[in-house]
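Q: no sequence on this one, just coordinates:
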């Protein structure tokens with residue numbers, strides 16, 4: 001099946017109900033007629049499994065049969081898609097340094113000579129950016145270049161060939177005919193842990209892919225050559241020695257020194273971090289400070305100046321400095337670490353991702369490198385985990401406990417609540433009487449073992465001896481309070497920034513830059529921003545798409561130089577191509593320095609309003625002018 005067939009199935013797999021052909025056509029950027037042909041093709045490919053149900057309501061995935069279909073596909077010996085053929089063509093040519101005859105290739109791959117010719121042209125395009133060269137003499141075609149470049153390309157194409165998400169060990173084992181990767185991974189993690197390394201599970205399977213390729217190439221007498229940046233001085237010998245033994249034991253192959261050094265380089269820059277944060281800060285205060293600590297410290301100061309977010313914490317700086325050191329090595333080697341969580345991080349935590357983009361831009365400037373979205377999302381994980389720890393105390397919900405005294409039963413109840421929900425609630429008062437004046441209780445929640453007599457949304461009845469159902473009820477109430485807090489703040493803040501002069505129905509621009517300039521022109525004419533701000537917004541867009549959901553893009557500059565904070569909104573009936581997405585709503589945001597805290601408060605919540613496609617489509621239909629837009633956006637916030 002083609003990539004669009006897989007995208008169609010992926011979209012249906014994330015939808016609970018029926019999905020119309022129009023919705024699928026918007027998502028895929030094709031006509032509804034094409035959608036119908038894709039569905040037909042998928043059904044034919046999956047037969048006799050009816051993976052897609054069709055009706056007058058649209059299409060819906062049969063999840064049980066879809067699981068069987070995926071398992072069936074994973075067991076298939078070899079896919080016949082054009083992308084798969086190109087990958088296997090690369091493997092075949094890599095195994096034959098003297099070249100292969102195209103007619104023999106066509107026969108062995110069960111395709112025509114014209115198909116092989118077409119695949120060779122596509123393979124040549126894949127070589128762009130590498131030192132590999134595809135050459136031909138009469139009917140003999142060969143690939144030349146370094147063994148390292150070939151392995152990098154094999155790894156990249158294999159990852160691209162698979163589905164999005166975590167790279168599966170099973171698929172690597174099938175491709176390279178190895179049944180030992182899972183046990184090898186277990187022993188590898190234990191070895192790394194015993195030597196004091198933190199293991200990044202997000203990236204380890206990608207390194208295992210390189211291990212499988214190295215073993216496969218060694219068995220074919222194609223060892224690696226020396227790699228710049230690896231070698232005796234760079235490769236930690238505790239890892240190199242143990243890794244050599246593990247590979248010999250699990251795969252019965254003795255890798256050369258260059259092979260091992262390269263695998264150690266991959267491990268130390270993508271998968272592991274030594275637990276030496278204390279050593280980092282010892283050097284940071286010495287005469288010759290660690291350069292990465294210096295870089296991160298300067299960046300953290302700039303984050304505080306630009307966003308008023310305090311990241312000035314020794315532990316955070318040390319962890320991020322270790323990460324930045326590895327990131328710089330990866331970027332210089334142009335072998336970035338994949339992150340299967342990139343899209344979900346960007347969509348669910350846009351403000352955290354925005355901070356990560358700023359940090360990445362500063363690292364780029366300091367180290368003269370280029371950082372991609374996957375690497376930005378790893379920085380976002382560092383930022384998000386730190387801010388999450390710091391915010392837990394601030395987000396706690398205040399509550400009062402009403403539990404009439406009987407043999408200190410209220411003390412036991414309080415201890416139980418604090419043990420289970422101590423990070424989420426703050427108990428301000430405990431009332432042990434039955435004659436409660438409910439009107440005087442000003443806490444967010446009231447947890448009571450007796451009936452209040454009247455209904456109140458913030459009152460949660462519980463048992464004197466807390467049950468699991470009681471805990472669930474309290475957690476739901478906590479979520480409700482937090483949601484109400486966020487919505488109230490968001491509603492107040494958003495309505496300050498919208499202006500009828502900055503509402504556009506159906507922009508004429510067809511790409512990111514033209515839309516940014518069309519919307520920004522209105523703000524420039526009003527004196528809110530200047531052309532330099534628009535240039536900065538376009539530069540930010542080129543670094544990483546601001547399409548934070550499938551429906552919404554929020555272009556903006558990373559500097560807050562607007563005269564006042566304002567948002568110019570475009571609502572389009574026809575989706576606009578924006579990065580890898582097609583969006584119906586574009587919100588060009590201009591923020592002034594005085595509104596930085598407001599920006600942080602509303603950014604995530606504003607994006608979340610546009611997370612549900614049905615809500616966005618309703619907004620697109622109903623928001624025909626500014627008053628109706630305001631009505632719809634408020635409805636979305638209050639939902």
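A: Structure received. None of these values were measured; they are calculated from a predicted model. Residues are numbered from 1 along each chain as shown.
Q: Contact partners for the most far-flung residue of the chain relative to its centre?
A: Computed with C-alpha atoms, centre = their mean, the residue of the chain farthest from its C-alpha average is residue 435, at 53.0 Å. Contact analysis of residue 435 by C-beta atoms under 8 Å, 6 or more residues apart in numbering lists nothing. Quick note: C-beta positions are derived from backbone N, CA and C, even for glycine.
Q: same check, this time on residue 303
A: Contacts of residue 303 (C-beta under 8 Å, 6+ apart): 309, 311, 355, 358, 359.
Q: which SS state does the nearest residue to the fourth one once chain neighbours are set aside fall under?
A: The reference is to residue 358. In space, and not counting its chain neighbours, residue 358 is closest to residue 558: 5.3 Å by C-beta to C-beta, 6 or more residues apart in numbering. Of the three states, residue 558 takes coil according to DSSP: H, G, I helix; E, B strand; the rest coil.
Q: do you know how far residue 558 is from residue 254?
A: Per C-beta to C-beta, to the nearest Å, residue 558 is found 51 Å from residue 254.
Q: If you count surrounding residues, which of the two has more?
A: residue 558 (17 against 11; other C-beta atoms under 10 Å).
Q: quick one, phi psi at the more buried one?
A: phi -80, psi -10 (degrees, to the nearest 10).
Q: Tell me if I am right that the residue farthest from the centre of the chain is in a helix.
A: No: counting by three-state DSSP, residue 435 is located in no helix; its state is coil.
Q: got any ranges where the stretch 501-639 of the chain has weak pLDDT?
A: 596-602, 605, 637-639 (pLDDT under 70).
Q: can you pull out the strands in it?
A: For the stretch 501-639 of the chain, applying DSSP state E, counting those that start in this stretch gives strands covering 503-505, 552-553, 561-578, 581-592.
Q: Rebuild the contacts of residue 303 as JSON lines, extending it with neighbour count and distance to residue 422.
A: JSON lines is the format used below for these (neighbours: other C-beta atoms under 10 Å; distance: C-beta to C-beta, whole Å):
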{"residue": "309", "neighbour count": "21", "distance to residue 422": "26"}
{"residue": "311", "neighbour count": "22", "distance to residue 422": "26"}
{"residue": "355", "neighbour count": "24", "distance to residue 422": "28"}
{"residue": "358", "neighbour count": "23", "distance to residue 422": "34"}
{"residue": "359", "neighbour count": "24", "distance to residue 422": "32"}
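Q: ok, those residues vs residue 328, which is closest?
A: residue 359 (13.1 Å; C-beta to C-beta).
Q: Just the buried residues of the helix or strand harbouring that closest one, please?
A: Taking DSSP states H and E as the criterion, residue 359 maps to helix 350-367. Neighbour counts over helix 350-367 (16 or more other C-beta atoms under 10 Å) mark 350-363, 366-367 as buried.
Q: Let me know the closest of these to residue 134.
A: Of those, the one sitting nearest to residue 134 (C-beta to C-beta) turns out to be residue 367, at 32.9 Å.
Q: Surely that closest one and residue 330 touch.
A: No: look at residue 367 against residue 330 with C-beta atoms under 8 Å: they stay out of range, at 11.2 Å.
Q: ranges for the helices of the stretch 51-200 of the chain?
A: Secondary structure of the stretch 51-200 of the chain, counting by DSSP state H, counting those that start in this stretch: helices at 63-75, 82-94, 102-108, 113-126, 147-161, 169-175, 181-194.
Q: Including distance to residue 241 and mean neighbour count, could those go into a markdown table?
A: A markdown table is the format used below for these (distance: least, C-beta to C-beta, whole Å; neighbours: other C-beta atoms under 10 Å):
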| stretch | distance to residue 241 | mean neighbour count |
| --- | --- | --- |
| helix 63-75 | 36 | 13 |
| helix 82-94 | 29 | 18 |
| helix 102-108 | 41 | 15 |
| helix 113-126 | 36 | 15 |
| helix 147-161 | 22 | 19 |
| helix 169-175 | 24 | 17 |
| helix 181-194 | 10 | 16 |
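Q: Format those helices as TSV; extra columns: distance to residue 613.
A: TSV is the format used below for the helices of the stretch 51-200 of the chain (distance: least, C-beta to C-beta, whole Å):
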stretch	distance to residue 613
helix 63-75	19
helix 82-94	28
helix 102-108	45
helix 113-126	34
helix 147-161	27
helix 169-175	31
helix 181-194	38
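Q: For residue 498, find the nearest of the ones you listed.
A: helix 63-75 (40.6 Å).
Q: Tell me the helices and strands packed up against the closest one.
A: helix 3-13, helix 169-175 (3 or more C-beta pairs under 8 Å, 6 or more residues apart in numbering; DSSP states H and E).
Q: mean confidence for the shortest one?
A: Looking at helix 169-175 alone, the average pLDDT works out to 78.
Q: Assess the claim that residue 555 and residue 542 are in contact.
A: No: look at residue 555 against residue 542 with C-beta under 8 Å: they stay out of range, at 10.7 Å.
Q: Between those two, point out the one with more neighbours.
A: residue 555 (25 against 9).
Q: Quick check: phi and psi on the more buried one?
A: phi -70, psi 150.
Q: now it: how far from residue 506?
A: Taken as C-beta to C-beta, the span from residue 555 to residue 506 is 18 Å.
Q: do the same with residue 295
A: Per C-beta to C-beta, residue 295 is found 45 Å from residue 506.
Q: Repeat that for residue 568.
A: Distance from residue 568 to residue 506, by C-beta to C-beta: 14 Å.
Q: neighbour count winner among the two?
A: Using other C-beta under 10 Å as the criterion, residue 568 and residue 506 rank with residue 568 on top: 27 against 10.
Q: which residues does the more buried one contact?
A: So, once contact is read as C-beta under 8 Å, 6+ apart, residue 568 ends up touching 502, 503, 504, 519, 520, 522, 523, 587, 588, 590.
Q: The fifth one is in contact with residue 533, isn't it?
A: Just to be clear, that refers to residue 520. Yes: if you go by C-beta under 8 Å, residue 520 and residue 533 touch, sitting 7.2 Å apart.
Q: what's the overlap in contacts for the two?
A: residue 590.
Q: what's the nearest residue to residue 21 once chain neighbours are set aside in contact with, if anything?
A: Distances taken as C-beta to C-beta, 6+ apart place residue 32 nearest to residue 21, at 4.2 Å, with adjacent residues excluded. Neighbouring residues of residue 32 by C-beta under 8 Å, 6+ apart: 21, 22, 24, 25.
Q: Residue 172 contacts residue 212, correct?
A: Yes: Residue 172 lies in contact with residue 212 (C-beta under 8 Å); the separation is 5.2 Å.
Q: overlap in contacts of those two?
A: Common neighbours of residue 172 and residue 212, using C-beta under 8 Å, 6+ apart, are 178, 181.
Q: quick revisit: which of the contacts of residue 32 lies closest to residue 636?
A: Nearest member of the contacts of residue 32 to residue 636, counting by C-beta to C-beta, is residue 22, at 21.0 Å.
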